[in-house]
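Enquirer: Sharing a sequence plus its predicted fold:
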Amino acid sequence: MKLIVTYLIGLVFGLGISISGMANPSKVVNFFDVAGTWDPSLAFVMGGAVIVAGIGYRLVFRRKAPLFEADFDIPTSRVIDTKLIGGSAIFGIGWGISGFCPGAALPVIGTGKIDVLIFLAALVVGILIARALMRLNLKPPAQGRLHGN
């Protein structure tokens, strides 16, 4: 049942992305082009999504637990650090350059367009680089000996 619900949620998301035109990267890039061919439709799509998500969160969090899991999986950290800001900046720059965000790119895979495949390849490379950098950063500092001891 969980798999069916997951599939249906993905289907609704993909249809929403397609119907709204957000599967078209030029439409997204035009949203960021405020000095040229600005297209405000992305703001309306995002506004609608925020309203629907807000209502959904209010309804879901009235429950003690999700339907298909033991607990809600909610981030607990409220820290705004360099990793969060850097990751957000990289996400925004990539979105503005390519016209794809990771979620919206998934429904476009079926079109076979090369630009979405290039974007997804770059996304995977970026994830691997980020993981490698996090592993390097998480290692404890090497403990050396002082000279003469």
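Expert: Arrived safely, thanks for sending. Numbers count the residues shown, from 1 in each chain.

Enquirer: Can you give me every residue that contacts the spatially most central residue of the chain?
Expert: Taking Cα atoms, centre = their mean, the centroid of the chain lies closest to Pro102, which sits 5.4 Å from it. For Pro102, the contact set (Cβ atoms under 8 Å, 6 or more residues apart in numbering) comprises Leu123. In this view, the C-beta of every residue, glycine as well, is placed from N, C-alpha and C.

Enquirer: ok, it to Gly47 distance?
Expert: Distance of Pro102 to Gly47, computed by Cβ to Cβ, to the nearest Å: 20 Å.

Enquirer: gap between the helix or strand harbouring Ala121 and the chain center?
Expert: Ala121 is part of helix 114-138, with elements assigned from DSSP states H and E. Relative to its parent chain, helix 114-138 has a centroid offset of 13 Å by Cα atoms, centre = their mean, to the nearest Å.

Enquirer: again, but for stretch 1-17
Expert: For stretch 1-17, the distance to the chain centre is 17 Å (Cα atoms, centre = their mean).

Enquirer: With stretch 68-83 instead?
Expert: Using Cα atoms, centre = their mean, the offset of stretch 68-83 from its chain centre is 15 Å.

Enquirer: Could you do stretch 36-51 as well?
Expert: With Cα atoms, centre = their mean as the basis, stretch 36-51 stands 17 Å off its chain's centre.

Enquirer: Just the buried residues of that stretch, please?
Expert: Across stretch 36-51, burial judged by 16 or more other Cβ atoms under 10 Å covers 39, 42, 45.
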